[in-house]
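Visitor: from the sequence below, what's the structure:
(chains A and B)
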Amino acid sequence: MDIQVRVWRQSGPTDTGRMVSYDVKDISPDASFLEMLDVLNEKLILDGDDPIAFDHDCREGICGACSMVIDGTAHGPEKATTTCQLHMRHFKQGDTIDVEPWRAAAFPVIKDLVVDRTAFDQIIQAGGYITAPTGAAPEAHATPVPKADADLAFEAATCIGCGACVAACPNGSAMLFTAAKVAHLGLMPQGQPERDTRVIDMLQAQDDAGFGGCTNMGECSQVCPKGIPLTLIGRLNSDYRKAVRKQL
Amino acid sequence: MADFWNDGDAIVDTAAPEGPIENRWEKRKFSAKLVNPANRRKLTVIVVGTGLAGGSAAATLAEAGYHVKSYCYQDSPRRAHSIAAQGGINAAKNYRNDGDSIYRLFYDTVKGGDFRARESNVYRLASVSVNIIDQCVAQGVPFAREYGGLLDNRSFGGTQVSRTFYARGQTGQQLLLGAYQAMERQIGLGNIEMNARHEMLELIIVEGKARGIVVRDMVTGEITTEMADAVVLASGGYGNVFFLSTNAKGCNVTASWRAHRKGALFANPCYTQIHPTCIPESGTHQSKLTLMSESLRNDGRVWVPKDAADCQKPAADIPEEDRDYYLERIYPSFGNLVPRDIASRAAKNVCDEGRGVGPGGLGVYLDFADAIKRLGKKAVEAKYGNLFEMYQRITGEDPYAVPMRIYPAVHYTMGGLWVDYDLQSTIPGLFVVGEANFSDHGANRLGASALMQGLGDGYFVLPTTLGNYLASGPYEKISEDHEEVVAARNEVESRIKRLLEIDGDRTVDSFHRELGHIMWEYCGMERTEEGLTKAIGLIRSLKEEFWQRVKVPGTGEQLNQNLEKAGRVADFFELGELMCIDALHRRESCGGHFRAESQTPDGEALRHDDEFSYVAAWEYATGESGKPTLHKEPLEFEYVHPSTRSYK
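Guide: Numbering: from 1, shown residues only, chains lettered A, B, ... in the order given. Okay, here's the model as predicted:
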């Protein structure tokens, strides 16, 4: 099929950037969205133009590298699907498709569709871990974990750190990302000793990194490719209140 | 044939302690020199790669007090390709009381590797496996659990016990996030200096020791030299030499290959694992292949039409009597559950006969119609629902209604840089961990063993053996003006300049694709002397064409993804050639390496233990001959005696 893409082109962090249209011809409906961009890039290179830069790696929906706002929606029109798993059969002959980078104050654009997401790593550094230096671990079966807790912890832990939640949030908040990690570790018995400091420190780091505040819009969960539930934010708020109260 | 290589000296010392195998690691740990905690912060270690091996090593070394500098090409250490591992991680916990033990895990791994691995290393791997699970649970890894709150286990190929720990189909992700979080804690504490979006492009050797690396900042293009007391490579496997593989797009051999060019031996490069159940190519746009869990073969039946003329018909229009359930026909006792290498080769054979299905005729059916009839759609959905969904997302076909199409794909590389028992390469101070080394899987890796090896190396083995090396440090400080440092840096800069200046008329990807075709055709599932010889010629001329016609747009002083790719593909050419030479020299079939000339009368792999029971460690082709030199490390089997695998 033949389509037109309008892609955000920005040569570097200081460039103002603009949308540029490209015709892409003869694309197989079985191609993935990124493969469509590969085809376009091959053409741009041979025409002497600058190919479009975008982040991608595993191309199977788990590494969290790919990050495009497609027709106004983070990761595009398919529910629970990363950009790399979106296929061209979901578009029609003659469509015009808009492709933009994540847009958030905490995720500055590096080039074209590539943004800097180190702010996520900073949130984890502040407390998104359990302190368990290598070698100090007790026998794995020493502490049973109720299956329901382990299963819910797993659900929260499936976050791939792509940042779609931030891109979709009108406030550019990272609350769903932070809440997922707080829930994962807070549900495990091993995570209890640091539970209070974790939630306080991670929220502080989130604010410091320039993310906006959460106003419960729920857009984050709608675009999350792993379906991280919005209820985890309620859980985070509850943990936070308890932790702050204890400090008083 | 020997025209392609020179024979060199055998490797006699692997640095493994002697005595009963179960005491060797304890013995090594006790004999290892220790570094006083106060001195550790004066010692700097570079770790390249942040997957399971690199992430766990960086975190553990930093916890111990060393100053660690970590590098990865991704935008965050959390995205290393270990994240995509699905199945699970083996450990000899014997929680099922089914007779498992460290010895049994050791035995299964040596046998599964088709008797081409070093016994001492494999035994150590099996013995640290139990500590890995303890460590991961302490970090909060949400493994699958039973209702009583204890850890669940499942069975995996090649074993008769249940020893695989898992977190649904995302075990690699959860284990990697555990290591990543431990790393981030150390980054926050200032013990690890993290350099994401940085690529290692050269190794720096001073006075015979690995002392640093040359890296390129992938955002600004800045080239810097980074110095340390030791260098650890945890840069993964080289499956992307085939262009299409289940590896992430960025996975590459450059860090390993640069070290190889500087003198580190490269062992068993021809041992590649080809996984039978992947989603087939859908067209020329294909950029990577996706693995579907092997567990599907428990209930799915594999078939192709008996008559090539039926291949274009819809599957439903092909009556039962016109279908060839070829695995059930050829292997009546194992049927659809034959091991990976056998299932892969059989699929290739029927497609070569022109009986493949789907685009390009490169696919076979994996049919669940019988399972749905027998168990009901609900039961099939409960077991495989997420896999069916993934299949549908990628292919647009509903596997409940039409049979899945599958085809083998390159998945893992057992070969890698040669290391001794201490995981040290032939360059002092250069250590190699995880998939990047060759050490523990022999000619074939068992399912759920890659995660075990990565974490075993990083959490438990390397921190001890590297400490022993560092105990002789800190080594003399090296100035950035040192001639070796300047030379390494110049080499990187001139290579980049050369790539940019060619300004030809073919893209990097077009070369990479063509190289991949050659490798897949002649150094894939079945190899012959004739094919390999031909491949070497094809690779050499393609490499020459690459250096004349490649077009790399942009400059070196910016984010330039094509420049990154060009450097990696240039190294893949050299690796591909060495893989073919290694495959050519090994005139036997073993594990993932099948030589058509070496098979039993009924077409099964035939090893030649008398001639080939050794590790082939290659020295880079320097000097006038332009040929690599083969060093053999003889393998001795004191405990597990070589036998023949049979699945008929």
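Visitor: residues from the stretch 1-150 of chain B in reach of chain A?
Guide: Neighbours of chain A within the stretch 1-150 of chain B, by Cβ under 8 Å from any Cβ of the partner chain: B:56, B:59-60, B:63, B:74-79, B:81, B:83-84, B:93, B:95, B:131, B:133-140, B:142-150. No exception for glycine: its C-beta is placed from N, CA and C like everyone else's.
Visitor: select only the buried ones of these in PyMOL?
Guide: Entered in PyMOL, the line below selects the buried ones among the residues of the stretch 1-150 of chain B next to chain A, by 16 or more other Cβ atoms under 10 Å in any protein chain shown:
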select buried, chain B and resi 56+59+60+63+74+75+76+77+78+79+81+83+84+93+95+131+133+134+135+136+137+138+139+140+142+143+144+145+149+150
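Visitor: which of the residues of the stretch 1-150 of chain B next to chain A fall in helices?
Guide: Here DSSP state H is the test, and these give B:56, B:59-60, B:63, B:131, B:133-138 as lying in helices.
Visitor: of the residues you listed, which pair is most distant in space?
Guide: For those, the farthest-apart pair by Cβ to Cβ is B:63 and B:133; their separation is 18.8 Å.
Visitor: so for residue B:158, what pLDDT did the model give?
Guide: Listed pLDDT for residue B:158 reads 64.
Visitor: ditto for residue B:232
Guide: Looking at residue B:232, the pLDDT reads 98.
Visitor: and residue B:326, by the same measure?
Guide: 96.
Visitor: one more: residue B:73?
Guide: Residue-level pLDDT assigned to residue B:73 equals 98.
Visitor: so it sits against residue B:199, correct?
Guide: Yes: Residue B:73 is within contact range of residue B:199, at 4.9 Å (criterion: Cβ atoms under 8 Å).
Visitor: neighbour count winner among these two?
Guide: For residue B:73 and residue B:199, the more surrounded residue by other Cβ atoms under 10 Å in any protein chain shown is residue B:73, and the numbers stand at 27 against 23.
Visitor: quick one: contacts for that one?
Guide: B:197-199, B:218, B:250, B:252, B:564 (Cβ atoms under 8 Å, 6 or more residues apart in numbering or on different chains).
Visitor: which one of those residues is nearest residue A:158?
Guide: Nearest to residue A:158, judged by Cβ to Cβ, of these is residue B:250 at 22.1 Å.
Visitor: what are the phi and psi values at residue B:162?
Guide: The phi and psi torsions at residue B:162 (degrees, to the nearest 10) take the values phi -100, psi 100.
Visitor: let me know the pLDDT of it.
Guide: So residue B:162 comes in at 91 (pLDDT).
Visitor: now look at the top helix by length along chain B and say if it contacts chain A.
Guide: For chain B, the helix with the greatest residue count under DSSP H is helix B:561-585. Yes: legend: contact between helix B:561-585 and chain A by Cβ under 8 Å from any Cβ is shown at B:561-562.
Visitor: residues in contact with the next helix or strand after that helix: which ones?
Guide: Later in the chain than helix B:561-585, the nearest helix or strand by DSSP states H and E is helix B:609-612. Contact with helix B:609-612 is made by B:115, B:586-588, B:590, B:642, as judged by Cβ under 8 Å, 6+ apart.
Visitor: let's go with 6 Å and repeat that
Guide: If you take Cβ atoms under 6 Å, 6 or more residues apart in numbering or on different chains as the criterion, helix B:609-612 is touched by B:586, B:588, B:642.
Visitor: buried ones in that helix?
Guide: Result for helix B:609-612 [16+ other Cβ under 10 Å]: buried residues B:609, B:612.
Visitor: before we move on, the earlier item: filter the contacts of residue B:73 down to the ones in strands?
Guide: B:198-199 (DSSP state E).
Visitor: end-to-end on stretch A:110-130?
Guide: Distance across stretch A:110-130, first residue to last, is 32 Å (Cα to Cα, to the nearest Å).
Visitor: show the pLDDT at the closest residue to residue A:217 other than its chain neighbours.
Guide: Closest residue to residue A:217 apart from its sequence neighbours, by Cβ to Cβ, 6 or more residues apart in numbering or on different chains: residue A:170 at 5.9 Å. pLDDT, residue A:170: 97.
Visitor: could you identify the most distant pair in the contacts of residue B:73?
Guide: Spanning the widest gap among these are B:197 and B:252, at 14.5 Å by Cβ to Cβ.
Visitor: if we can go back for a sec, mark which of the contacts of helix B:609-612 are buried, thanks.
Guide: Counted by 16+ other Cβ under 10 Å, the contacts of helix B:609-612 give B:586, B:588 as buried.
Visitor: so for the contacts of helix B:609-612, which is the shakiest by pLDDT?
Guide: pLDDT across the contacts of helix B:609-612 is lowest for residue B:642, at 95.
Visitor: for that one, which non-adjacent residue is spatially closest?
Guide: Once flanking residues are discounted, residue B:642 sits nearest to residue B:115: 4.2 Å by Cβ to Cβ, 6+ apart.
Visitor: what about the one you found, neighbour count?
Guide: 23.
Visitor: go on, the one 10 residues further on?
Guide: A total of 27 residues lie near residue B:125 under the criterion other Cβ under 10 Å.
Visitor: distance from the strand or helix carrying it to the middle of the chain?
Guide: Assigned by DSSP H and E, residue B:125 belongs to helix B:119-138. The chain centre lies 19 Å from the centre of helix B:119-138; the measure is Cα atoms, centre = their mean, to the nearest Å.
Visitor: show me what the very next helix or strand once past that helix is packed up against.
Guide: Following helix B:119-138 in sequence order, the next helix or strand is strand B:164-165 (DSSP H and E). Under the contact criterion of 3 or more Cβ pairs under 6 Å, 6 or more residues apart in numbering or on different chains; DSSP states H and E, strand B:164-165 touches no helix or strand at all.
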